[in-house]
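Asker: predicted model and sequence follow; I will ask about them next.
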Amino acid sequence: MEPRSLNPGRESQTREPGSALLSASNLRVTYGPVVAVDDLNLEVSEGSVVGLIGPNGAGKTTAIDALTGYHPLTAGRVLFKGAEITKMRPYRRARAGLGRTFQSVELFDDLTVEENLQVAADHLGIGRALGDLFLPIRGRSREGVEWALSLCDLGDVADRMPKELSAGQRKLAGVARALAQRPRLVLLDEPAAGLDTDESVELGKRLRTMPEAGVSVLIVDHDMSLVLGICDEIHVLDFGKSIAHGTPAQIRDNDDVISAYLGGERVGHVG
Amino acid sequence: MSSYTLFLLLGLGSGAIYAVLALGLVLKYRSAGVVDFGHSATAMFIAYVYLFLRENGTVQLPWTILPHEFTLTGSEMGTAPAMILALIYAAVMGLIMYVLIYRPLRHATPLARICASVGVMLYLQAVAVLNFGSQPKSTPNILPNSPLQVAGITVPVDRLWLAGLVVVLAAALWAVYRFTRFGLATRAAAENEEGAAVIGLSADRIAAVNWVIATVIAGLAGILIAPIATIQPASYTLFIVPALAVALVARFQSFAIAAAAGLALGMLQSEVTKVVSVLSWLPQEGLPQALPFLVIVIGMTLLAKRMASRGEIVVQRNPSLGRPSRPYATTAMCFAIGTLALVATHGSLRFALISSFIWICLSLSLVVLTGYVGQVSLAQMAFAGISAFCLTHIADQLGIGFPFSMILASLAAVPLGLIVGLPALRLRGVNLAVVTIAAALVLDSLVFNWTWFTGGLGGTKVGNPNLLGWDLGVAHGSDYPRVIFGIFTLAVVCGVGLLVARLRGAPAGRMMIAVRSNERAAAAAGINVGRTKLFAFGLSSWIAGLGGVLFAYAQQTVSPPTFETFSSLTLVAIAFVAGVGRIGGAVFAGIMMASTGLFVSFLDREFSIGKYQLVVAGLLLTITAIKQPDGVAANPPPPLVAAWRWLNGKLSSGPLNSHRPVAESER
Ligand SMILES: Nc1ncnc2c1ncn2[C@@H]1O[C@H](COP(=O)(O)OP(=O)(O)OP(=O)(O)O)[C@@H](O)[C@H]1O
Ligand SMILES: [Mg+2]
């Protein structure tokens, strides 16, 4: 029932430099005096699903913001596809294949679901967009849009406005928009928040298939069974610091994690 | 040397006015979150109230047509009682304006608030012109002005008094808002409206009181400047521009900075006047007016941090967008209807129709900018003017033939559009509006005052558009206005309309709408937000430039007044009221609302009420901003919808709804 079987036993220890798609070293992010992320090292290798978990306020969203260029780093550097992107602006990172979603969804309210995906898939420079106004570009690729729509099962609501969707569908539309760009790596900030259990399981299955489609995943979520179920490896943050790192099995049994994050409770009943 | 000092001191006069007006603006923003474009118009009106009380003891009411004057004493009044009565009048007027206009707008978008206050400004100015005339009026001195000799120069004592007053007022305001309970309450409410409500302070009542205080201060400014500047509706109302610039420097927060910056701006302007008179190689016209704004535009753009936002509960809502469903068929139909209308009309009405076409074009430039990408520009008519004057040079002096001269001239507006758009990369909402109006003023006073470029007051003649020997001009012998010129204009406007309609569904349009909806998410979708905004500014100024070129051909002589700053404000106003998110709105603005357009000209001819156009437009603008922020075209009146559907049925086989709401109302 769980796609865990797909886990090829890719241990974090076996990284070879070439296979790291995203690698962040010594990230430090501050909000004034508050240190939101402290000396975080994170690596996502090609074809993997990596989890980033931690209690509320641990710095997960801040880490995503830092990786995608939404918040400046106080220290540290970020490599993507082997090139340094530490100073790159967010839209350039997106075009380079680093997609992301937002915790609060943030769809474009004045565009239909399909247009939301299309605008992400277009990736036209201003020059070509201007040219298109006077001489329409024929046969633009809709591949990414169709793929993302079907992957997130949004085909039926493609023509709706975001306002008309349910909370779960909006969340999925946010994920679909990030996928429509055909990114190499997508950072998902709580994609399962607001979904019911069935929807969440369904989403997990779909996310697990993404590496086959060439998309690696970094997922932040509070749904333990989802994260433990689909990830190859997991990082645990607390107060901005990484307190544990390993396979789901290791994380589940890690005492630090249990005390810091779960307040002593056993981790979800998975597998 | 001493004359330089004298000019500095003289500048304290206008500086004091900027400062006092800016203090009121800061107060209004801090307490009610409104940047009030009608602030100086209010000051102007109170000045007239004072003037008439003093001269013949009559009270002037802020409307026209209805009785608007009643006699209080029937004879001349002393300065002090007239002033006190005028200030009481100001307090009442401030309260009424707050309750009727700004209170309902407390949770509206910044653009809606700006438009409402622009409406107030247009309204008060138009009423003043109708009731009091546009001739300047002078009043006797209020402040002591006995000549005083210091170190060989005659010191203008009244200016010193004014400056002193500014300092006292700023200090008093600072102390009140720093130390009194009321001041603390105001600050609490500004920081967190909800929080203030929870601890039992009515944010509403606090804002009302502040609004009254600000209006009284504005009235005081209006009265005190009268002896120095002479009262005149338009020039008085335009004090809003420097005042806004000063308030912007103070980030709409600091009384002290507002006071200092106001005085400094006045002195700088005055000093530039002196310098220009000495250095004859400098542009003699307009530089004193333009330079401070130039400095402000550049400074604000480079140094801008965001204006401190208030902790208010705002329902962020942009004007809704239309969705043209069959752009080509709709354009063809509009072209057909337009041609029929041109043939059916003649004389002044046909000319009004052609003017309407041009106003549609200008409004379309705002559909792109404000509708699609959510940016504000109060400089659109300046872009149009640049293109119009460039046309005269390109066609007549460079001898470039017709279609190319028109294209080049319209493109001439693009670089300016991009420059004015640059601040949009850092500023938004109100800040951007202020910077663009300052930019418009720079163009207005520097470029449009440049005799070589514009041909001075008389303007410059433009030759007819002539396509390979085929005269498309507006006049030929006694034939005026010609149908062929109308069709030419219509074709250009239809082309622009088609472009804007197609933009809605094209990649470029989607990028713009994404940027307008959510800049963060747009960047995550790989969109270069800054470049998209600039693209919209460029496209929009090009469309405005086309409008300007068409104006030039229609009027045959291009002269600066057509393109003054007020026209830009009016354009934004009517485009917003009509519905800035849809092409139908631009059409409505051009046909029904433009002062030289079809509907108003028709009313003027039949009932001679054209002169009330600005009054009505101002009133409508304010009401629409409150009641219907999507504009008239978003919810068109039922008879219009019915007529449109009937036409669709007649002229095409399929459904031809150009706008979604029409489709919705069919359900
Ligand atoms: N804009 C901000 N200004 C100041 N502090 C902030 C800001 N955003 C976040 N923080 C602080 O940074 C820390 C990390 O916040 P972050 O949103 O990254 O946590 P999170 O792990 O995503 O939490 P959640 O699970 O609730 O989404 C928190 O202590 C938070 O209070
Ligand atoms: Mg978070």
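Answerer: Structure's in. What do you need? Ligands and ions are numbered 1, 2, ... in the order given.
Asker: please name the nearest non-neighbouring residue to whichever residue of the stretch 551-667 of chain B sits closest to ligand 2.
Answerer: Closest approach between the stretch 551-667 of chain B and ligand 2, counting by Cβ to the ion: B:P629, at 32.7 Å. Quick note: C-beta positions are derived from backbone N, CA and C, even for glycine. Take B:P629 and drop its neighbours on the chain: the residue closest to it by Cβ to Cβ, 6 or more residues apart in numbering or on different chains is B:A112, 4.7 Å away.
Asker: list the contacts of B:W63.
Answerer: The contact partners of B:W63, taken as Cβ atoms under 8 Å, 6 or more residues apart in numbering or on different chains, are B:V127.
Asker: need the longest helix for chain B.
Answerer: What stands out as the longest helix in chain B, according to DSSP state H, is helix B:2-32.
Asker: list the buried ones in the following helix or strand past it?
Answerer: Per DSSP states H and E, helix B:2-32 leads on to helix B:39-56 as the next helix or strand towards the C-terminus. Across helix B:39-56, burial judged by 16 or more other Cβ atoms under 10 Å in any protein chain shown covers B:39-54.
Asker: with those residues in mind, which one is nearest to B:A573?
Answerer: Nearest to B:A573, judged by Cβ to Cβ, of these is B:A41 at 13.2 Å.
Asker: what about the closest one, distance to chain A?
Answerer: In this view, B:A41 and chain A are 34 Å apart by Cβ to the nearest Cβ, to the nearest Å.
Asker: what stretches of the stretch 101-250 of chain A score poorly on pLDDT?
Answerer: A:138-140 (pLDDT under 70).
Asker: go with 90
Answerer: A:104-106, A:122-144, A:151-153, A:155, A:166-168, A:193-199, A:223-225, A:239-240, A:244 (pLDDT under 90).
Asker: pretty sure the residue nearest to B:P629 sits in a helix.
Answerer: Yes. Membership of B:A112 in a helix is supported by DSSP: H, G, I helix; E, B strand; the rest coil.
Asker: so what's it up against?
Answerer: B:105, B:625-626, B:629.
Asker: out of those residues, which sit inside helices?
Answerer: Of these, the ones assigned to helices by DSSP H are B:625-626.
Asker: helix/strand/coil for whichever residue of chain B sits closest to ligand 1?
Answerer: Relative to ligand 1, the nearest point of chain B is B:R520 (12.5 Å; Cβ to the nearest ligand atom). Following three-state DSSP, we place B:R520 in the helix state.
Asker: isn't it right next to A:S104, touching?
Answerer: No. Here B:R520 does not reach A:S104: they are 10.0 Å apart, not a contact under Cβ atoms under 8 Å.
Asker: and for the nearest residue to B:T139 once chain neighbours are set aside, the neighbour number?
Answerer: In this structure, B:T139 finds its nearest non-sequential neighbour in B:A226, 4.5 Å apart by Cβ to Cβ, 6+ apart. Counted with other Cβ atoms under 10 Å in any protein chain shown, residues neighbouring B:A226 total 25.
Asker: ligand 2 contacts on the stretch 1-150 of chain A?
Answerer: Proximity of the stretch 1-150 of chain A to ligand 2, by Cβ under 5 Å from the ion, involves residues A:61, A:103.
Asker: buried set for stretch B:100-112?
Answerer: Using 16+ other Cβ under 10 Å as the test for burial, stretch B:100-112 gives B:101-102, B:105-106, B:108-112.
Asker: stretch B:329-346 and chain A in contact?
Answerer: No. Using Cβ under 8 Å from any Cβ of the partner chain, stretch B:329-346 never reaches chain A; the gap is at least 14.7 Å.
Asker: could you measure from the residue of chain B closest to ligand 1 over to A:D223?
Answerer: As judged by Cβ to Cβ, to the nearest Å, B:R520 and A:D223 stand 24 Å apart.
Asker: looking at the two, which has the bigger crowd around it?
Answerer: The residue with more neighbours, out of B:R520 and A:D223, is A:D223; 21 against 13, by other Cβ under 10 Å.
Asker: which strands or helices does the longest helix along chain A pack on?
Answerer: The helix that spans the most residues within chain A, counting by DSSP H, is helix A:167-180. If contacts are counted by 3 or more Cβ pairs under 8 Å, 6 or more residues apart in numbering or on different chains; DSSP states H and E, helix A:167-180 sits against strand A:98-100, helix A:113-122, helix A:143-151, strand A:185-189, helix A:197-208.
Asker: and of those, who's closest to B:A80?
Answerer: For those, the distance to B:A80 is smallest for helix A:113-122, at 64.4 Å, taking Cβ to Cβ.
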